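# Test case, fold it:
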Amino acid sequence: VLCLLPLVASAAIGPPEKEGLKFGFIKLTDMVPLAIAYEKGFFEDEGLYVTLEAQANWKVLFDRVITGELDGAHMLAAMPLASASGVTTKTEIISPFTLSYNGAGITVANSVWSEMKKTVPMADGKPVHPISAAALKPVLEQYKAAGKPFNLGMTFPIGTHNYMLRYWLAAGGVHPGFYAPLKGDNSGSVKAEAMLSVVPPPQMVPTMNSGTTVGYCVGEPWNQQAVSTGLGVPVITSENIWLDGADKAFGVTKDFADQYPDTTIHIVKALIRASAWLDANNNANRPEAVRIIAQSTYVGADEKVMANSMTGTFEFEKGDKRPIPDFNKFFRGYYGYPYASDAVWWLTQMRRWGHIPAQQSDSWYMDIAKKAYRGDIYIAAAKELVAEGKMKATDFPDFAQDISFKPPQKSPLDGIEFDGHKPNAY
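Numbering: from 1, shown residues only. So this is what the prediction gives:
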């Protein structure tokens with residue numbers, strides 16, 4: 001059980017042990033809670049003086065947190081789990097806060113889409129969503145016959161976009177390949193029908209345009225950029241694969257959290273307020289948030305392109321705009337709490353594709369989830385905000401109950417049910 005503490009006033013925590021902090025991020029719209037916490041003064045309210053610094057790619061970011069060059073960072077939700085399970089490093093990374101839910105998409109090049117579209121069901125002249133990767137099979141046959149590789153981009157091996165892309169491909173009967181670390185094969189291409197390789201998020205569209213890849217999975221604004229430039233078509237968004245799953249997390253080393261426990265709580269307090277601001281009044285603050293992160297110091301992408309997903313619409317083919325109000329979700333309904341069930345889902349994907357090479361018990365999954373996703377720190381921060389009058393107890397769930405596991409749910413894509421208490425059955 002992760003959390004059985006009532007949300008009542010508690011003894012105030014002390015001032016931050018470390019005031020000057022540097023946090024890293026990747027140029028994606030879901031870094032926005034960090035930007036808002038900075039721009040709206042929420043970090044300063046906590047006595048924190050924060051520098052936000054864009055990183056070249058996820059590996060650089062991850063490595064710099066481990067070495068201490070960064071105090072914390074915007075992370076792929078699976079990253080803390082990779083360290084907790086020993087897949088990537090012996091340095092433990094923890095997450096006391098979920099930065100975003102949903103928020104990713106899969107895009108293919110126009111040439112691929114034109115072939116896929118021939119077999120995609122239509123209604124009122126528009127494709128029926130969610131679109132299955134089964135529509136890729138004729139395209140794969142064409143590439144195979146021509147002796148050409150079918151290359152797709154993702155952002156990091158132990159990452160949300162890699163696992164989302166693999167799930168989508170496999171659900172449509174396309175084998176994305178296995179990792180075989182015990183055999184020294186970390187390519188992820190064992191038995192693969194489609195080849196997946198790492199591309200930094202801002203390079204997704206140029207890499208596809210050059211012909212190196214024919215599609216990719218990434219967060220925003222890089223799916224919508226493919227539409228705005230006329231180079232590609234998004235075919236599915238991640239809430240149709242796994243609804244309201246954690247996509248990005250705020251991560252620090254366990255050593256940092258242990259050495260600076262009050263600082264860590266102050267950080268989470270600021271991020272809770274930022275996320276609540278982003279979802280307040282039916283997303284009324286989102287246009288302002290888009291203007292902020294359009295700055296070159298943050299995402300530095302076209303404001304109109306970013307506004308699509310951030311304000312609740314998503315364009316697939318040119319002109320095919322559909323409402324997806326929860327494409328980017330930060331606080332509403334899930335509060336930024338680091339759910340153990342979200343952790344377990346990512347661990348099942350790590351096991352499914354071979355990053356976790358051996359069978360593990362259900363209790364192992366629970367232990368790793370609790371080790372990496374620290375709901376106890378989140379609760380301490382939430383209690384402080386209520387005690388200070390900055391937020392109300394009704395803004396949060398009832399922490400007298402164990403909320404660490406979301407109810408079982410079926411994937412909109414394939415109908416398979418996930419129950420976080422039963423990872424091996426899944």
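# and stretch 109-126, which residues are buried?
Across stretch 109-126, burial judged by 16 or more other C-beta atoms under 10 Å covers 109, 112-113, 115-116, 120. In short, each C-beta sits where N, CA and C put it, glycine included.
# and after the top helix by length along the chain, which helix or strand comes next?
What stands out as the longest helix in the chain, according to DSSP state H, is helix 261-283. Per DSSP states H and E, the first helix or strand lying C-terminal to helix 261-283 is helix 286-293.
# any idea how far Val235 is from the closest residue to Asn308 other than its chain neighbours?
Spatial nearest neighbour of Asn308, chain neighbours left out: Gln224 (4.9 Å); criterion: C-beta to C-beta, 6 or more residues apart in numbering. Distance from Gln224 to Val235, counting by C-beta to C-beta, to the nearest Å: 13 Å.
# what's the answer for His129, then?
Distance of His129 to Val235, computed by C-beta to C-beta: 8 Å.
# Same drill for those two, tell me which one is more crowded.
Set His129 next to Val235 and count neighbours by other C-beta atoms under 10 Å: Val235 wins out with 27 against 19.
# Please look at that one and Glu317 and confirm they touch.
No - look at Val235 against Glu317 with C-beta atoms under 8 Å: they stay out of range, at 9.8 Å.
# Can I get the longest strand seen in the chain in CSV, CA atoms only?
For the chain, the longest strand by residue count, based on DSSP state E, is strand 93-102. Listed next in CSV are the C-alpha coordinates belonging to strand 93-102 (Å, rounded to 0.1, in the frame of the first residue of the first chain):
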residue,chain,number,x,y,z
ILE,A,93,15.8,7.4,-10.0
ILE,A,94,12.5,8.2,-8.3
SER,A,95,9.4,10.0,-9.4
PRO,A,96,7.3,11.9,-6.9
PHE,A,97,5.2,13.5,-9.5
THR,A,98,3.6,12.7,-12.9
LEU,A,99,4.0,15.6,-15.3
SER,A,100,1.5,14.5,-17.9
TYR,A,101,-1.0,11.8,-19.0
ASN,A,102,-1.6,10.8,-22.6
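# If His74 is in a bridge, with which residues?
When assigned by DSSP bridges, His74 has beta-bridge partners Phe250.
# The longest strand of the chain relative to helix 261-283, how many degrees between them?
Interaxial angle, strand 93-102 versus helix 261-283 (axes from the mean of the first three to the mean of the last three C-alpha atoms, to 10 degrees): 0 degrees.
# any idea how far strand 93-102 is from the chain center?
Strand 93-102 has its C-alpha centroid displaced from the chain centroid by 8 Å (C-alpha atoms, centre = their mean, to the nearest Å).
# Can you list the strands that the following helix or strand past that strand pairs with?
Using DSSP H and E, the helix or strand that directly follows strand 93-102 along the chain is strand 104-109. The strands that strand 104-109 pairs with in its sheet are strand 215-219 (antiparallel), strand 232-237 (antiparallel) (by DSSP bridges).
# Could you point out the helix or strand that follows the first one?
In other words, strand 215-219. Where DSSP H and E defines the elements, the next helix or strand beyond strand 215-219 is helix 222-228.
# Give me the residues contacting that next one.
28, 105-107, 201-202, 204-205, 208, 216, 232-234, 237, 301-302, 304-306, 308-309, 314-318 (C-beta atoms under 8 Å, 6 or more residues apart in numbering).
# In ChimeraX, select just the buried ones from those residues.
Command for ChimeraX that selects the buried part of those, burial taken from 16+ other C-beta under 10 Å:
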select :28,105,106,107,201,202,204,205,208,216,232,233,234,237,301,305,306,308,309,314,315,316
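# Next, please give the residue ranges for the strands of the stretch 101-250 of the chain.
For the stretch 101-250 of the chain, the strands defined by DSSP state E, counting those that start in this stretch cover 104-109, 122-123, 126-127, 151-154, 178-180, 185-190, 195-198, 215-219, 232-237, 246-253.
# Out of the ones you listed, the one nearest Arg64 is which?
strand 246-253 (11.0 Å; C-beta to C-beta).
# ok so, going back, gap between the residue nearest to Asn308 and Leu347?
In this view, Gln224 and Leu347 are 30 Å apart by C-beta to C-beta.
# ok, the buried residues of stretch 109-126 vs Pro287, which is closest?
Distance to Pro287, by C-beta to C-beta, is smallest for Trp113 among the buried residues of stretch 109-126, at 30.1 Å.
# so what's the closest one up against?
Contact analysis of Trp113 by C-beta under 8 Å, 6+ apart lists 232-233, 235, 317.
# could you dump those residues to a markdown table with distance to Thr212 and pLDDT?
Formatted as a markdown table, these follow (distance: C-beta to C-beta, whole Å; pLDDT from 0 to 100):
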| residue | distance to Thr212 | pLDDT |
| --- | --- | --- |
| Gly232 | 13 | 98 |
| Val233 | 18 | 98 |
| Val235 | 19 | 98 |
| Glu317 | 23 | 95 |
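# Show me which of those residues is closest to Arg166.
Once C-beta to C-beta is applied, the member of the contacts of Trp113 that ends up nearest Arg166 is Val235, at 15.0 Å.
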